[in-house]
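Engineer: the amino acid sequence is not available; the structure is as follows:
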């Protein structure tokens, strides 16, 4: 199904999004210049995203599961129902640490996802 675009809104099916390693990415510039980008995460226990940073802020909305986040010098234990806000330029990463998959939405405060990887 192709994205439905009207002058007032856009509807995008997840199957249309770029998929990479337990994540689906929506870059805002591709959809009516949305001004933000999203990553939909379904990460199995033990998997995660290595340390990286962005020149813009990022917001993590945890819907299900648990994760251990590294944000700057801090280690955070985060669970469903919590939101983590990371300031621009701050190194961060996470690992799914619960018994069930981590499901979260990562909101990039940019129309393009631009990542500087800090670990191999």
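Structural biologist: Now that the structure is in, tell me what you want to look at. Note that the structure is predicted; figures quoted are calculated from it, not measured. Numbers count the residues shown, from 1 in each chain.

Engineer: nearest residue to the middle of the protein?
Structural biologist: The centroid of the chain falls nearest to residue 106 when counting by CA atoms, centre = their mean (2.5 Å).

Engineer: got the contact list for that one?
Structural biologist: Residues counted as contacts of residue 106 (CB atoms under 8 Å, 6 or more residues apart in numbering) are 38, 39, 40, 41, 58, 59, 60, 61. Just so you know, the C-beta spots here come from the backbone N, C-alpha and C atoms, and that holds for glycine as well.

Engineer: what helix or strand is the third one located in?
Structural biologist: Meaning residue 40. Residue 40 is part of strand 37-43 when elements are defined by DSSP states H and E.

Engineer: quick check: can you name the pairing partners of that strand and their directions?
Structural biologist: Next to strand 37-43 in the sheet, as set by DSSP bridges, lie strand 23-26 (antiparallel), strand 102-108 (antiparallel).
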